[in-house]
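1. Take a look and give me a structure for this.
(4 chains)
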2 protein chains.
Amino acid sequence: MSRSRPTQRQIAEEVGVSRTTVSLVLNDVPGVRVSPETRQRILEVAHRLNYHPDAAARTLVSGRTCTIGFVLCQSPDRIFADAFLPEVLCGVGDAVQENGFRVLIHSVEDVTASGAYIGLVREKQTDGVILSGPRSDDCQLLQLRAEGFPVVLLGQLPGSGIPFVDVDNVGAAKQAVEHLIGLGHRQIGMITNAPLAYTAARDRLTGYRQALKEAGLGYADGLVRTGDFREESGHEAMNDLLDLAQPPTAVFVASDLVTFGAMMAIKQRGLTIPDDVALVGFDDVRLAHYVNPPLTTVRLPAYGLGYRAAMLLTQLIVGEPVEEQEILLQTELVVRQSCGAAL
Amino acid sequence: MSRSRPTQRQIAEEVGVSRTTVSLVLNDVPGVRVSPETRQRILEVAHRLNYHPDAAARTLVSGRTCTIGFVLCQSPDRIFADAFLPEVLCGVGDAVQENGFRVLIHSVEDVTASGAYIGLVREKQTDGVILSGPRSDDCQLLQLRAEGFPVVLLGQLPGSGIPFVDVDNVGAAKQAVEHLIGLGHRQIGMITNAPLAYTAARDRLTGYRQALKEAGLGYADGLVRTGDFREESGHEAMNDLLDLAQPPTAVFVASDLVTFGAMMAIKQRGLTIPDDVALVGFDDVRLAHYVNPPLTTVRLPAYGLGYRAAMLLTQLIVGEPVEEQEILLQTELVVRQSCGAAL
DNA sequence: TTAAAATGGTAACGCGTGTTAGTGACTCGT
DNA sequence: ACGAGTCACTAACACGCGTTACCATTTTAA
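-> Numbers count the residues shown, from 1 in each chain, chains lettered A, B, ... in the order given. Below you'll find the predicted structure:
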């Protein structure tokens, strides 16, 4: 068993000075006068004892935890499938370290359950939270917001007025579909990434419609199917589309994972990609370029999302004035072969 | 601006009782006598004020943070590539929630740098840490261990005596290679997942050698190449192997990601998998069955790794006697088509 | 009737730190 | 020689909570 951690008191005793002086020296409080030699001795002893201030005590007196919460609102299987989580986390981590904060992660299956992530804020474990995958029926969230607790969304909740960082889903989807139109397709289907209750899903659908409209193409409900994050849903949806009397010649699938399911369905029918059906995905999952054919898809700035969200949150916490509280990051269309574009 | 959080004192004043009594009631301290009606009123007021105990204050007095640290020792690009992180985190999160703990994540680029993750323990931010991807040149770690600070490794450091949870790399690799041998291959190469400084890489190599030896096949250095996590390294290594006078008819690649690079190299030469070169990977990355051909690989119990590690750590923290401090989880060979096995 | 025990509660300390208001010694200018 | 000012430092409070020792009153037992 090791001796317990050294405190300011121990340093004070050893140096033969009051604890106050130790505190003043260690925090290098400006405008305070301590003789150079005393200061030196305090620093020396502190170093020798391997002193580090107690976080809890500091939090107690300062009222600041210097910790942010990162709340995952997705269900476990969605988190499993979330290839971007590591990258987002890195972004969050980097931003947070720059500001001397830490990250407490917490995943909740059911956000609507009372007390889901409330401990993080009610017990003052964090100074603010990033909410990944917010839901509109999350009333705790609105409550927190009303109390002025710092919150940043990864994703968005239109009309809530809560600061957020998100990708420009409408623009990204539009760009993807425009690319297919540019390749000559006129009968273009879509499979959403998720049920339309998710704003990201709805936004991507909106981008799809905008692209069609601006190209003078008609929109038909019959060409749209909804996925639910999982590959299986893509498989099913694509089979559905291929069963149509006039199946689409190209499909925009708003999730790479769902796209993989769709690809499998196409191949199982003996059809080829992109000749029979051209595909554009969404996410640019790391392995999108390993599938056959390599997937044309929309790259998300995962790291940037995390980084910007954490930056925004820490600014809100320390009370810095922030110009932009609603940040939309741009995406990039990565053209590979599944769309049929010449390389 | 909202009013600040309620304290026990406020409850005490409102009820007309001492703060001590409030504390006793709220903590339901056994063997203490409080009249039922007083107790009732305290609970009522506490609920009405939406009281939650202050975590910092509690930590200060109890000496327990009820938080564990999850330290990622990989470099950012490795973390990006770590498809298992979400799953591992879920495991950790679930175990931790069962025990009323929380998770503080921290990534460090250079573990050997002084003070890398020391704050987590020195400042008493956590009661213990899980170290993912430990390195043998991490002397802080040995120091912590010597002080009796609870540490659990995800991975292992042979000879250190530090509790760990890991996959049975030797056994898993052996099984993979035995499978290739069973299919009739005699000239079997290997590409490691990482430099041999990593114990996981060395263990998998050991498994490979054991399988060869037990089958009466000779081991040849020339058939082994080392990868470095990235696809590119697989591409390069495979090209190297194919340039041999007698190239292998099968290769065990100890990482799916590296395998994808290898597959690309094979295809670029116009060779086919598994006819010209059979492949078995390692990890069972989520998309392993979407590549062409679907990859035969070793599935890792990612969730279980996180769960067991967190469980073990919390037991060590609360001082429960633990029977097993060195846990090896079993893997599973997932047979698909890249190995050439009939389905 | 009186001592003992149970009942219902409180005062006070300590956890380790940040911060403010002071305090005694020493210097300086006139 | 004496008030004013600096210097170097300290006493004391606060943060919110857990816990122990104790106290006043009432009930029970002998």
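
2. after the lowest-mean-pLDDT helix or strand in chain A, next one along is what?
-> In chain A, no helix or strand scores lower on mean pLDDT, DSSP states H and E than helix A:76-81, which sits at a mean of 74. Going down the chain from helix A:76-81, the next helix or strand is helix A:85-98, by DSSP states H and E.

3. Give me the angle between that following helix and helix B:85-98.
-> 70 degrees (axes from the mean of the first three to the mean of the last three Cα atoms, to 10 degrees).

4. residues making contact with the helix or strand that helix A:85-98 is followed by?
-> Downstream of helix A:85-98, the next assigned helix or strand under DSSP H and E is strand A:102-107. For strand A:102-107, contacts defined as Cβ atoms under 8 Å, 6 or more residues apart in numbering or on different chains pick out A:66-72, A:74, A:76, A:79, A:89, A:92-93, A:96, A:117, A:120, A:125-126, A:310, B:67, B:89-90, B:93, B:102-106, B:125. Any C-beta I mention is one placed from the backbone N, CA and C, and that applies to glycine too.

5. hey, where'd the strands end up in the stretch 201-343 of chain A?
-> Taking DSSP state E, counting those that start in this stretch, the strands of the stretch 201-343 of chain A run over residues A:224-226, A:250-253, A:278-280, A:297-299, A:326-329, A:332-334.

6. And for the stretch 1-150 of chain A?
-> Using DSSP E, counting those that start in this stretch, strands in the stretch 1-150 of chain A cover A:67-72, A:102-107, A:128-132.

7. Same list, those strands, but as CSV with distance to DNA strand D and mean pLDDT please.
-> Formatted as CSV, these follow (distance: least, Cβ to the nearest atom of the strand, whole Å; pLDDT from 0 to 100):
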stretch, distance to DNA strand D, mean pLDDT
strand A:67-72, 17, 96
strand A:102-107, 19, 95
strand A:128-132, 18, 95
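
8. mind putting the ones you listed in CSV, mean neighbour count included?
-> Listed next are the strands of the stretch 1-150 of chain A as CSV, based on neighbours: other Cβ atoms under 10 Å in any protein chain shown:
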stretch, mean neighbour count
strand A:67-72, 26
strand A:102-107, 22
strand A:128-132, 26
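
9. With distance to residue B:281 added, can I get these in a markdown table?
-> As requested, those are arranged in a markdown table below (distance: least, Cβ to Cβ, whole Å):
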| stretch | distance to residue B:281 |
| --- | --- |
| strand A:67-72 | 28 |
| strand A:102-107 | 29 |
| strand A:128-132 | 30 |
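
10. Look up the closest residue to the most centrally placed residue in chain A, ignoring the ones flanking it.
-> Centroid check for chain A by Cα atoms, centre = their mean gives residue A:154 as the closest residue, at 4.7 Å. Excluding its sequence neighbours, the residue lying closest to residue A:154 (Cβ to Cβ, 6 or more residues apart in numbering or on different chains) is residue A:132, at 4.3 Å.

11. List the residues that contact the one you found.
-> A:70-74, A:88, A:154-155.

12. How about it: which residues does it bridge to?
-> With DSSP bridges as the criterion, residue A:132 is bridged to residue A:72, residue A:154.

13. who in the stretch 51-200 of chain A is up against DNA strand C?
-> Residues of the stretch 51-200 of chain A found near DNA strand C (Cβ under 7 Å from any atom of the strand) are A:51, A:53-54, A:57-58, A:60-62.

14. again, 6 Å this time
-> A:53-54, A:57-58, A:60-62 (Cβ under 6 Å from any atom of the strand).

15. Return the closest of these with respect to residue A:222.
-> Among those, residue A:62 lies closest to residue A:222 (Cβ to Cβ), at 60.3 Å.

16. Read off the pLDDT value for residue A:343.
-> On pLDDT, residue A:343 comes in at 64.

17. oh sorry, the question was meant for residue A:323
-> Model confidence at residue A:323, given as pLDDT, is 89.

18. Report how many residues lie close to it.
-> Other residues near residue A:323 come to 5 when the count uses other Cβ atoms under 10 Å in any protein chain shown.

19. what do you get for residue A:324?
-> Based on other Cβ under 10 Å, the number of other residues close to residue A:324 is 10.
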